[in-house]
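In: Pasting the sequence and the predicted coordinates here, then a few questions.
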Amino acid sequence: MLAAITQGVWRPILEILILTIGIYQGIRLLKGTRGMPILTGFSLLLLSLIAMTTFLHLEVLAWFLRTFLAFFVIAILVLFQPELRRILAELGNKPLFNTTKNPRQNLETIIQSAARLAEMRVGALIAIQQKDDFNDLVGSGVDIDCIISPEIIETIFFPNNAIHDGGIIVKGDRIVKAACIFPLSNQQNLQKSLGMRHRAALGLSEETDAFVIVVSEETGSISYAYKGQLVRNQSQDTLREALTSLFIKKPKFHSFSARLRSLRMNFKETISNSLNIQIFIQKLSQIIRENLALKFIAVSLSSLIWFTVSYGPANTLQIPEGPLSNQMIRSFWPVPINILNSPNQTNSFEVFPPIVKVTLNGPPSIIEKLTENEITAFVKLNTNQIFFPSIELVHIVVPQGCTLWTVDPEEVKINKINNQPNIK
């Protein structure tokens with residue numbers, strides 16, 4: 001029985017799993033960005049319309065959705081162009097200082113500069129550029145293109161300097177621009193006391209993958225914004241830890257033997273941890289609890305999409321051209337399966353799956369009036385059949401005027417249930 005269940009449901013489980021992973025990763029990457037509220041409202045509206053047209057047989061809305069589906073895709077590409085660019089960049093994202101010789105030295109320069117500016121209570125806004133090129137998002141700035149150093153950063157942000165307003169852009173070990181105007185965040189739940197520098201840092205991090213450091217002129221505190229999240233009141237150590245975890249690559253192995261030894265040690269550690277049931281349960285529980293709400297939303301949306309597309313009670317398609325231009329294709333689900341066997345059989349049988357999805361084509365005047373109860377699905381058992389379980393072909397009795405298009409699944413598994421009386 002387990003084999004039968006596995007054979008029948010592995011495809012739906014795989015499809016829902018792939019949809020869940022895609023939706024979850026998309027939500028996780030878009031979380032905190034400007035496009036997240038728009039995407040939420042658009043998705044809920046579109047899924048509601050699809051569900052209503054599918055289950056309530058709203059043909060006009062179904063035609064509208066099919067006709068304008070291509071325009072919806074173009075609208076998504078236009079509305080979410082910054083978010084899509086960020087997602088694609090995230091897939092191949094690499095640390096910032098992978099081409100510089102002294103990445104830690106560059107980070108220390110930025111950290112020391114931020115600390116000295118905070119001590120003097122001089123406001124500063126430092127954007128560390130990664131993969132995303134945000135020249136189109138940044139207002140007019142002054143080209144600098146010089147080697148990064150604490151003295152230059154302090155000089156730029158010194159009060160009454162001609163270019164102290166705005167922020168600077170750091171790429172690698174160079175300051176690219178200064179006096180740049182960053183886009184402000186549109187988040188509604190921000191504190192009213194949050195200054196323009198913090199809002200600009202948050203806004204740029206929402207649109208790009210930049211790591212933006214803010215020094216408050218009023219309090220002298222250090223904050224940073226990354227991926228639409230603002231982390232405030234940071235010390236040098238915590239700022240160094242955040243920058244190191246993001247930009248410093250793990251050491252590479254220069255020989256094959258060293259890499260092999262590292263892989264062997266990691267493999268042994270993984271095996272030993274897996275054998276420890278307590279550690280395994282803790283890791284599994286941690287994985288499940290992490291972003292639990294997002295995972296639940298992803299599973300719910302993927303399941304709704306799968307059931308709506310695959311097993312809507314009436315999926316119709318009007319053929320526009322060709323010899324079958326006056327025909328309509330429609331799917332019917334669920335259609336129960338009957339078993340036809342010999343009257344001499346004393347055993348009972350079970351079929352898995354017990355229902356099928358039948359797709360017919362025919363004139364719209366006939367197809368539109370059909371219901372699942374008017375379609376018969378059955379399997380034939382051979383009179384001399386003695387080996388079970390067996391795989392049997394599904395037969396369909398098609399109503400007059402229609403022809404069979406597809407049956408899903410085409411074959412089902414039959415198991416025998418012995419009805420032997422109890423002997424006392």
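Out: Looks like it came in fine.
In: Lowest mean pLDDT among the helices and strands of this structure, which one is it?
Out: Using mean pLDDT, DSSP states H and E, strand 314-318 stands out as the lowest-scoring helix or strand of the chain, at a mean of 49.
In: export the lengthiest strand in the chain as PDB, just CAs?
Out: For the chain, the strand that runs over the most residues, judged by DSSP state E, is strand 328-340. These are the backbone C-alpha positions of strand 328-340, laid out as PDB (Å, rounded to 0.1, in the frame of the first residue of the first chain):
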ATOM      1  CA  MET A 328     -14.100  23.200 -26.500                       C
ATOM      2  CA  ILE A 329     -11.700  21.400 -24.200                       C
ATOM      3  CA  ARG A 330     -12.700  20.900 -20.600                       C
ATOM      4  CA  SER A 331     -11.400  19.000 -17.600                       C
ATOM      5  CA  PHE A 332     -13.500  17.200 -15.100                       C
ATOM      6  CA  TRP A 333     -12.400  16.200 -11.600                       C
ATOM      7  CA  PRO A 334     -12.900  14.100  -9.600                       C
ATOM      8  CA  VAL A 335     -14.300  11.200 -11.500                       C
ATOM      9  CA  PRO A 336     -14.500   8.000  -9.400                       C
ATOM     10  CA  ILE A 337     -13.200   4.700 -10.700                       C
ATOM     11  CA  ASN A 338     -15.300   1.600 -10.800                       C
ATOM     12  CA  ILE A 339     -14.000  -2.000 -10.800                       C
ATOM     13  CA  LEU A 340     -15.600  -4.500 -13.200                       C
END
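In: which element follows that strand toward the C-terminus?
Out: Toward the C-terminus, strand 328-340 is succeeded by strand 348-352 as the next helix or strand (DSSP states H and E).
In: for that following strand, the distance to its chain's centre please.
Out: Distance of strand 348-352 from the chain centroid (CA atoms, centre = their mean, to the nearest Å) equals 39 Å.
In: tell me what the next helix or strand after that strand is packed against?
Out: Per DSSP H and E, strand 348-352 leads on to strand 355-362 as the next helix or strand towards the C-terminus. Strand 355-362 makes packing contacts with strand 328-340, strand 403-408 when contacts are defined by 3 or more CB pairs under 8 Å, 6 or more residues apart in numbering; DSSP states H and E. Just so you know, the C-beta spots here come from the backbone N, C-alpha and C atoms, and that holds for glycine as well.
In: Please produce JSON lines containing those strands, extended by mean neighbour count.
Out: JSON lines is the format used below for the helices and strands packed on strand 355-362 (neighbours: other CB atoms under 10 Å):
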{"stretch": "strand 328-340", "mean neighbour count": "17"}
{"stretch": "strand 403-408", "mean neighbour count": "14"}
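In: By mean pLDDT, show me the worst of those.
Out: Within the helices and strands packed on strand 355-362, the stretch with the lowest mean pLDDT is strand 328-340, showing a mean of 83.
In: Can you list the strands that it pairs with?
Out: According to DSSP bridges, strand 328-340 has the following sheet partners: strand 314-318 (antiparallel), strand 355-362 (antiparallel), strand 376-380 (parallel).
In: Give me whichever of these is most buried.
Out: Each of the strands paired with strand 328-340 was given a mean neighbour count from mean count of other CB atoms under 10 Å, and the largest, a mean of 20, is that of strand 355-362.
In: what's the domain layout of this protein?
Out: Following automatic domain parsing, one finds the domains of the chain at 2-92+279-310, 103-247, 314-417.
In: Would you mind finding the most buried of these?
Out: Counting by mean count of other CB under 10 Å, domain 103-247 has the highest mean neighbour count of the domains of the chain, with a mean of 18.
In: No further queries at this time; thank you.
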